[in-house]
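Visitor: here's my sequence, what's the structure:
(chains A and B)
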2 protein chains.
Amino acid sequence: MAKVYPASAAQYLNIESTTLIDYDVNRLETFSMFPALKNDCLIRALLRQPVDETPVWMMRQAGRYLPEYRATRARAGDFLALCKNKELACEVTLQPLERYPLDAAILFSDILTIPDAMGLGLYFAEGEGPKFERPITTVADIENLSTNVLTELQYVMDAVHLIRHELAGRVPLIGFSGSPWTLATYMVEGESTRDFKKIKSLLYADPAALHTLLDKLTTVVAAYLNAQIDAGAQVVQIFDTWGGVLSDNAYTDFSLQYIKKIIGQLNTRREDGSVIPVIAFTKGGFPWLDAISRCGCDAVGLDWSIDISVARKLVGDRVALQGNMDPAILRAPIPVIEREVRRILDQFGSHASGSRHIFNLGHGITPDIDPDHAGAFIAAVKRYSIEHH
Amino acid sequence: MAKVYPASAAQYLNIESTTLIDYDVNRLETFSMFPALKNDCLIRALLRQPVDETPVWMMRQAGRYLPEYRATRARAGDFLALCKNKELACEVTLQPLERYPLDAAILFSDILTIPDAMGLGLYFAEGEGPKFERPITTVADIENLSTNVLTELQYVMDAVHLIRHELAGRVPLIGFSGSPWTLATYMVEGESTRDFKKIKSLLYADPAALHTLLDKLTTVVAAYLNAQIDAGAQVVQIFDTWGGVLSDNAYTDFSLQYIKKIIGQLNTRREDGSVIPVIAFTKGGFPWLDAISRCGCDAVGLDWSIDISVARKLVGDRVALQGNMDPAILRAPIPVIEREVRRILDQFGSHASGSRHIFNLGHGITPDIDPDHAGAFIAAVKRYSIEHH
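Guide: Here you go, the predicted structure:
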């Protein structure tokens, strides 16, 4: 299977440059292998091109709220086994598309695959969230981290490639990674945290060490996203789940700076003339919205604390906006969900002026949501958005 | 002791109006009983009057990071017993003033005294944070809640009165309450939460029931703050710890609306000509900063995600600004703390144009902080702020 990737992927897979296969030919070969895209609404909206309706997808759409997901996960054994099995990862990626008229598939995986591949030993303690067996506790730990980890992450690229084929061009496939800051918080804290005590202590007591870690993560994330693109991802999203816990200037120095560097290294202009749009999402990122919209991304993800009309005014038509319904609203009765969808669409307003909206939740859909409510949400976006285009 | 409160306090203590003592006389008597205020820097800054240096205090300044606090708490037995013992509450309120040249004392208490007095049965499970024995689970629970609870909260007013005397006019005393939304989240969730599942389900599925609860809490909070003012509080702060988890329009409807109503009901213009400044603090409130600055408060509290120069531009000289150093920075070496203080002071800029800054942390000081680091923080504010005035 490894041979189907073009040379640029081979680079990230640590193959000696002298052994590279001819770049263009292989790339075209790879692309020609994938079925043509039938629904390009998401890509067009991300690139600020005209669309007939507002595209919609849901963060964590392949997830525990779906009984079919829970069944597949039970077959896999556990969450990590599911991530590492390309057939089963493909299966759950496609499940929400069978139920709903979504405009995108998103690779089923986890942002913590990177630290796991870097040797920290990811595991999931029952009911406790992700943990690392060997979190970073010293500067030497940071210095010893290897950035040559794409071989360990081959299973992700295999899944991307398989999903892209199995999608059969129905909708585009979104690849993703955590941001360096967000990955670093988990790597230093060793688990989920509320107070970010260890990582912030590192930030203020030894910023140089943290910058070393973030530099290494930047190298890995850029290579990882490029490998996903080479394997078939048609859009990439950078999840900066914890950027919002930083103080104003620390966000710029320790999170956004690295997101910008990564985007600058992505191979988003493809040989076949296609472009891979990049979405940057910082939860709690409103204070820095203007700066985020200038980081080189095509779209900015918004959480639900933001009036999307205010966000639109702030960013103009520089970027598309993705969001921003509170996922908690999916617990409400269906008419409430429909009203909220309508409200957000109205707030965003007309697409006529060139700025674009991708409807999404402001964060991942939670396991307790009734799948029919998710369906009502997606149907409402489809039904109501036509009048705004 | 109850007799020293003026008639307006008696009203809140549910004494029949026919038994009211003459209002003006008693109020003046109450005020005349308190020693004159020597350091009015905080009050002046909150009211946008000229000051010689930037006043400073710390949220949760009477707390576990101080060994003398831990000793008093051990004597009290537990946290709630400490809140309910006026002598010990007074003792811990004054402790940080013995160490540091702070510009304010803040009543030692907890925002959850209100739901406790309303019958929910507050307790603190070891290492788990606050819990309620009888959280709100039905609409009937909301309807049955009594708002006549100031008698149960008499211990708070007793503490305020005692502290005010023991302060001997050194610095002003800040009283406080949680916002209705923040109190409601704990009352419905029954404990601390990360996802606000129950309260948001109530918000979206039965907003009328939640409004009933928030209306009741508004009545209680306004009466509670007025009683604190009558007992001697010279400033009041409304803590909206969880307003930031709401979606844009939900924040306005379910949190800010009620904060505004409370402020409208406060007896802030005193008979002796003094004014009680009101501080409104919504953690994560940046998206609504303009609206918060128009809610009737004198000052807006800021968390650390905000560039204070941007906040200042947004609110002009309509309100003073309080904040906004990340409390995590107190874990850093002292030169880093000093640099950060300087940076925030420089960001705020000169006080010449009439807008005012009260230095504070963006959230409470945490138990793991070295008291010497807190001291270095306060000293740095004193040392560097003079040049901005």
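
Visitor: near chain B, which residues of chain A?
Guide: Residues of chain A lying close to chain B (C-beta under 8 Å from any C-beta of the partner chain) are A:194-197, A:200-201, A:203-205, A:244-251, A:284, A:286-287, A:304-307, A:310, A:324-326, A:328-329, A:331-333, A:336, A:340, A:343, A:362, A:366, A:368. Yep, even glycine has a C-beta here, placed from its N, CA and C like the rest.

Visitor: so which of those residues belong to strands?
Guide: A:324-325 (DSSP state E).

Visitor: filter the residues of chain A next to chain B to the buried ones?
Guide: A:196, A:200-201, A:203-204, A:244-248, A:250-251, A:284, A:286-287, A:304-307, A:324-326, A:328-329, A:331-332, A:336, A:340, A:343, A:362, A:366 (16 or more other C-beta atoms under 10 Å in any protein chain shown).

Visitor: so which of the residues you listed belong to helices?
Guide: A:200-201, A:203-204, A:248, A:250-251, A:336, A:340, A:343 (DSSP state H).

Visitor: tell me the contacts of A:G175?
Guide: Shown in contact with A:G175 (C-beta atoms under 8 Å, 6 or more residues apart in numbering or on different chains): A:107, A:160, A:225, A:228-229, A:231, A:233, A:235-237.

Visitor: show me the strands in the stretch 1-150 of chain A, by range?
Guide: A:105-106, A:122-125, A:129-132 (DSSP state E, counting those that start in this stretch).

Visitor: what is the rounded mean pLDDT of the last one?
Guide: Which is strand A:129-132. Mean pLDDT, strand A:129-132: 93.

Visitor: the first one too?
Guide: Confidence over strand A:105-106, taken as the mean pLDDT, stands at 98.

Visitor: what's the answer for stretch A:332-339, then?
Guide: 97.

Visitor: how about that stretch as CSV, C-alpha atoms only?
Guide: Output of stretch A:332-339 as CSV, limited to C-alpha atoms (Å, rounded to 0.1, in the frame of the first residue of the first chain):
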residue,chain,number,x,y,z
ALA,A,332,-33.4,20.5,23.2
PRO,A,333,-36.7,19.6,21.5
ILE,A,334,-36.4,19.7,17.7
PRO,A,335,-38.3,22.9,17.2
VAL,A,336,-35.8,24.7,19.4
ILE,A,337,-32.9,23.2,17.4
GLU,A,338,-34.6,24.4,14.2
ARG,A,339,-35.1,27.9,15.6
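
Visitor: which other residues reach it?
Guide: A:329-330, A:340, A:372-373, A:376-377, A:380, A:384, B:201, B:204-205.

Visitor: can you do 7 Å?
Guide: A:329-330, A:373, A:376-377, A:380, B:204-205 (C-beta atoms under 7 Å, 6 or more residues apart in numbering or on different chains).

Visitor: may I ask which two of these are separated the most?
Guide: A:A380 and B:A205 (17.1 Å; C-beta to C-beta).

Visitor: quick one: contacts for A:M325?
Guide: Per C-beta under 7 Å, 6+ apart, neighbours of A:M325: A:304, A:340-341, A:344, A:361-362.

Visitor: closest to chain B among these?
Guide: Minimum distance to chain B across the contacts of A:M325 is 4.1 Å, recorded for A:W304 (C-beta to the nearest C-beta).

Visitor: any idea how far B:L80 is from the closest one?
Guide: Distance from A:W304 to B:L80, counting by C-beta to C-beta, to the nearest Å: 35 Å.

Visitor: cool, A:D230 as well?
Guide: 60 Å.

Visitor: settle it for me: which of the two has more neighbours?
Guide: A:D230 (26 against 17; other C-beta atoms under 10 Å in any protein chain shown).

Visitor: nearest residue to A:W181 other than its sequence neighbours?
Guide: Computed as C-beta to C-beta, 6 or more residues apart in numbering or on different chains, the closest residue to A:W181 that is not its neighbour in sequence is A:S255, at 3.8 Å.

Visitor: the one you found is in contact with A:G243, isn't it?
Guide: Yes - using C-beta atoms under 7 Å, A:S255 is in contact with A:G243, at 4.2 Å.

Visitor: what do those two both touch?
Guide: A:179, A:181.

Visitor: on that earlier part again, mind checking how far the residue nearest to A:W181 is from B:R73?
Guide: A:S255 is 38 Å from B:R73, by C-beta to C-beta.

Visitor: neighbour count: the two, which is higher?
Guide: Comparing A:S255 with B:R73 by neighbour count (other C-beta under 10 Å), the higher total belongs to A:S255, at 27 against 18.

Visitor: quick one, what contacts that one?
Guide: A:179, A:181, A:240, A:243, A:246.

Visitor: the last one and A:H351, how far apart?
Guide: It refers to A:L246. 33 Å.

Visitor: name the nearest of the contacts of stretch A:332-339 relative to B:R269.
Guide: Distances from B:R269 to these, taken by C-beta to C-beta, are shortest for B:Y204, at 39.1 Å.

Visitor: now the closest one: closest residue in space, sequence neighbours ignored.
Guide: B:Y204 sits nearest to A:A332 (C-beta to C-beta, 6+ apart), 3.3 Å away.

Visitor: need the helices for the stretch 101-250 of chain A, in chain order.
Guide: Ranges of helices within the stretch 101-250 of chain A are A:113-115, A:139-144, A:154-167, A:180-189, A:197-205, A:207-231, A:248-251, based on DSSP state H, counting those that start in this stretch.
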